[in-house]
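J.: Dropping the sequence and predicted coords here.
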There are 2 protein chains.
Amino acid sequence: MKRTLIRSLEENLNKNVIIKGWVHRVRRLKGITFIILRDRSGMVQCVVDNKDPIIHGLKCESVLEVSGTVKEGKNSLNNFELAVESLKVLSKVEEDLPIEINSEELNISLDTMLNNRILSLRHEKKNAIFRIQHIIVEGFREFLSREGFIEIFTPKIVAEGAEGGTALFKLDYFRKDAYLAQSPQFYKQMMVAAGYERVFEIGNFFRAEEHDTARHLNQFTSMDLELAFIEDEQDIMDIEEEMLKHIINKLELEGTRCFKMLNVDIPKILAPIPRIEFEYAARVLKENYNKIVTDNDLDPEGERLLSEYAKEKYNSEFIFVTNYSRKKRPMYTMPKGINGTRSFDLIFKGTEITSGGQRIHDYDMLVESFEIKGLNHENFSSYVNVFKYGVPPHGGLAIGLERLLALLLGINNIRETSAFPRDRSRLTP
Amino acid sequence: MKRTLIRSLEENLNKNVIIKGWVHRVRRLKGITFIILRDRSGMVQCVVDNKDPIIHGLKCESVLEVSGTVKEGKNSLNNFELAVESLKVLSKVEEDLPIEINSEELNISLDTMLNNRILSLRHEKKNAIFRIQHIIVEGFREFLSREGFIEIFTPKIVAEGAEGGTALFKLDYFRKDAYLAQSPQFYKQMMVAAGYERVFEIGNFFRAEEHDTARHLNQFTSMDLELAFIEDEQDIMDIEEEMLKHIINKLELEGTRCFKMLNVDIPKILAPIPRIEFEYAARVLKENYNKIVTDNDLDPEGERLLSEYAKEKYNSEFIFVTNYSRKKRPMYTMPKGINGTRSFDLIFKGTEITSGGQRIHDYDMLVESFEIKGLNHENFSSYVNVFKYGVPPHGGLAIGLERLLALLLGINNIRETSAFPRDRSRLTP
């Protein structure tokens, strides 16, 4: 007989089934024992006769195969339960668990959670995070693939950094210096130029940042896209907006159970996401919040206040800020006017989740832009030379997956939204 | 007016359109000039009056915006052409191209091809490779997602290697030794154990192999899956077979144009893929080809001959070889009998494209298996300790994407099926 998933038991009332999963909880009464069994689809109460020798000394998280009959019976989990006929241990647990994972909340420190990562991920509320992640990345790809994008895989070992040399992990590559890639920036532009026009990648990238904050990971997952034949940066924001709507729609269709479990609302995009220029954003912050913007950039407080403003003024959880100053943007950014750029950030729940914009596609302009930044373009020749041979107007964006998940789910430390985070001190598990 | 893709021109006969793309070829006659314009969807002949000043000195690979009327007109490309009303240069080319990319075949050396990667990828036949790649990875994910798998992202920076320490790239990770991951093996098993049961990843992994052959890359793309609650390794082969059928079906639906361009047939799976044990395979090779198998493993010639046998005997382009010796398989492999394992390889067109099998899920057995291999399990404690807390029977497989593509398309050197290959000497582009 084939295994039935717990979420399908209700359709099998009064039928004989086999289920398989982990022992979530055991409660022994006088003549019977209740075992809560958990599989990837849910939990069910199993009723076992105490005469069954297996239940004696049965520890939580043991893996069982259980056959029995699905019976009506209201309990805290479902309107049915399983009357067990036979039990088989598929994988035994002999030690007590180092953390308690069958409680409503997982009340342990972040370090304990990550040190016992596999057990903590079995807790429903932690488990849900990466189910939601799956829906997001699938939604991202589905939407883009339908829009004519193809998926690419770019080098993670590179000879030079796209952002100009800071915070790179260095590597011994057959007696040569090499670095771990910080982003697919150059390569996604090059694939656009190779005739694919529209490309995306979801890949792991690396930043050797020394600071150990709740916002930074040394390995992160970047959702990148790049597309050609745009008019300007507005086209990129249009694509992002449509893509976010698709993902949100998918979260509503497939993620409701997880969001409910986490007691979080799925965000909504009811009207076009407001787009305001950086200069205007600075004025808003000053006039409404008496917050002075310095150094042509928004600090975390500035982003938070601007989110507040977007919520109040536009009833929007998202806001685009455009036209950042040239000083603050990388050398590949398309200038706008004398000091501006065709760039944007998307701010969501108080934090930037996307950086994007139009890129320079003209060779001479690109060489000049390297110079302005004090970079020698000859050190980037395999990238720069591409622009001699016909690169269409293009642009793109990048979304940090772990940060998006953290903001979406109201999780404070980004380490929780990476299954196996890497930070200054953490290399295992 | 919105841009029309070239493949949609036929539906726009006698209508005014705007197309955008690269100048593939220019041919000047007395009063008119033919420009073949190429976009991501195809090519079209554009007819321009010689009075238009733009066409003078127009170089191949310039990027144009062309508006005109779609007219009937048979030519070598289509049954229609574009009568041009106006031309605009979106991106100019001033230098001659270093390689000729508008010929039927791209007759250049591999090194020249890779040194001029972006131009060589514009050649239709090279371009097609990564369009097919897109269909394959999308098919892999679609199938698995529908079967209840979720996508995971595992660490690429690790403290220890899954295969036991050979061919690892070493990294300075904040004054600690770390390595680039060779595979997601430990982590995908751990995610199965974390309650997800069914997981997959398509990610870049790294092998510091010194040898420079047509079969090896130092960065490769691994398509990995892992699933729990299996009976044995046969379940994994079942999944792979269904997955391959799905991908093949998708290639037929979406990839026909690319395969035709490359003059390659899409493979077929007409009957169950034959599954033979290693011992039997060795006997077949000896009896049919007088080939002696040594060291309990198939060498490239052995794999090639076995493929021949599968074709002749079973009319199959694929063949599973199972039950490899324990000596030849990693420490996590589930033993079978005294010397065997619940492992398999899938051989396709003469080369192994998949390694897979059931894994050990019992803690004591795993510790013993590390010992047998001469490995100290304490060096792998973050992996081994997981098995104390209830890991269900499970197994999985890995497919090297670049190798699969090369075999599928009859490409001899795997560097051609990586957009930006990394080998001993190649770090750019």
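T.: Great, that's in hand.
J.: So what's the gap between stretch A:71-87 and the chain middle?
T.: 36 Å (Cα atoms, centre = their mean, to the nearest Å).
J.: buried stuff in that stretch?
T.: By neighbour count on 16 or more other Cβ atoms under 10 Å in any protein chain shown, the buried set for stretch A:71-87 is A:Asn78, A:Phe80, A:Glu81, A:Leu82, A:Ala83, A:Val84, A:Leu87. The C-beta positions use only the backbone N, C-alpha and C, and glycine is treated the same way.
J.: could those residues go into a markdown table alongside secondary structure and distance to chain B?
T.: Output for those, formatted as a markdown table (DSSP: H, G, I helix; E, B strand; the rest coil; distance: Cβ to the nearest Cβ, whole Å):
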| residue | secondary structure | distance to chain B |
| --- | --- | --- |
| A:Asn78 | coil | 18 |
| A:Phe80 | strand | 21 |
| A:Glu81 | strand | 21 |
| A:Leu82 | strand | 17 |
| A:Ala83 | strand | 22 |
| A:Val84 | strand | 18 |
| A:Leu87 | strand | 14 |
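J.: with those in mind, which one is nearest to B:Glu233?
T.: A:Leu87 (25.5 Å; Cβ to Cβ).
J.: Nearest spatial neighbour of that closest one, chain-adjacent residues omitted?
T.: Nearest non-adjacent residue to A:Leu87, counting by Cβ to Cβ, 6 or more residues apart in numbering or on different chains: A:Ile54, 4.7 Å away.
J.: what about the residue of the stretch 151-300 of chain A at minimum distance from chain B, neighbour count?
T.: Residue of the stretch 151-300 of chain A nearest chain B, by Cβ to the nearest Cβ: A:Ala194 (3.7 Å). The local packing of A:Ala194 (other Cβ atoms under 10 Å in any protein chain shown) involves 24 other residues.
J.: Which residues are in contact with it?
T.: By Cβ atoms under 8 Å, 6 or more residues apart in numbering or on different chains, the contact list for A:Ala194 reads B:Arg117, B:Ile118, B:Leu121, B:Arg122, B:Asn127, B:Ala419.
J.: Widest-spaced pair of these?
T.: B:Arg122 and B:Ala419 (12.6 Å).
J.: Helices of chain A, start to end?
T.: Using DSSP state H, the helices of chain A run over A:110-115, A:117-120, A:124-146, A:185-191, A:233-254, A:256-262, A:278-289, A:300-314, A:363-372, A:381-384, A:401-409.
J.: need these in CSV with mean neighbour count, mean pLDDT and distance to B:Leu97, can you?
T.: Putting the helices of chain A into CSV (neighbours: other Cβ atoms under 10 Å in any protein chain shown; pLDDT from 0 to 100; distance: least, Cβ to Cβ, whole Å) gives the following:
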stretch, mean neighbour count, mean pLDDT, distance to B:Leu97
helix A:110-115, 16, 97, 52
helix A:117-120, 24, 98, 52
helix A:124-146, 20, 98, 30
helix A:185-191, 25, 98, 16
helix A:233-254, 18, 98, 29
helix A:256-262, 16, 96, 52
helix A:278-289, 17, 97, 40
helix A:300-314, 18, 97, 45
helix A:363-372, 17, 97, 14
helix A:381-384, 18, 95, 16
helix A:401-409, 23, 98, 38
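J.: Select, out of those, the one closest to A:Ser41.
T.: Per Cβ to Cβ, nearest to A:Ser41 of the helices of chain A: helix A:256-262, 9.7 Å.
J.: who touches that closest one?
T.: Against helix A:256-262 from outside (Cβ under 8 Å, 6+ apart): A:Glu124, A:Lys125, A:Ala128, A:Ile129, A:Arg131, A:Ile132, A:Leu251, A:Asp265, A:Ile266, A:Leu409, A:Gly410.
J.: hmm, who's touching stretch A:227-234?
T.: Outside of stretch A:227-234, the residues within contact range by Cβ under 8 Å, 6+ apart are A:149, A:192-193, A:197-199, A:235-236, A:239, A:275, A:322, A:334, A:342-344, A:356-358, A:392-396, B:3, B:20, B:90.
J.: wait, what's in contact with A:Phe205?
T.: Neighbouring residues of A:Phe205 by Cβ under 8 Å, 6+ apart: A:Lys156, A:Leu180, A:Ala181, A:Gln182, A:Ser183, A:Pro184, A:Gln219, A:Phe220, A:Thr221, A:Ser222.
J.: Tell me how far it lies from A:Leu168.
T.: 11 Å (Cβ to Cβ, to the nearest Å).
J.: How about A:Lys74?
T.: For A:Lys74 relative to A:Leu168 (Cβ to Cβ), the value is 59 Å.
J.: which bits of the stretch 151-300 of chain A sit near chain B?
T.: Within reach of chain B by Cβ under 8 Å from any Cβ of the partner chain, the stretch 151-300 of chain A has these residues: A:151-159, A:169-174, A:176, A:178, A:180, A:187, A:190-191, A:193-198, A:203-204, A:206, A:208, A:210, A:218-219, A:221, A:229.
J.: Leaving out the residues flanking it, which one is nearest to the residue of the stretch 151-300 of chain A closest to chain B?
T.: Using Cβ to Cβ, 6+ apart, the nearest residue to A:Ala194 is B:Leu121, at 3.7 Å.
J.: That neighbour against B:Phe130, yeah?
T.: Yes - between B:Leu121 and B:Phe130 there is a contact at 7.4 Å, judged by Cβ atoms under 8 Å.
J.: where do the contact lists of those two overlap?
T.: A:Met191, A:Tyr196, B:Ala419.
J.: how much space between A:Glu197 and A:Ile319?
T.: Separation of A:Glu197 from A:Ile319 (Cβ to Cβ): 29 Å.
J.: What residue, apart from its backbone neighbours, is nearest A:Ile360 spatially?
T.: Once flanking residues are discounted, A:Ile360 sits nearest to A:Leu366: 4.6 Å by Cβ to Cβ, 6+ apart.
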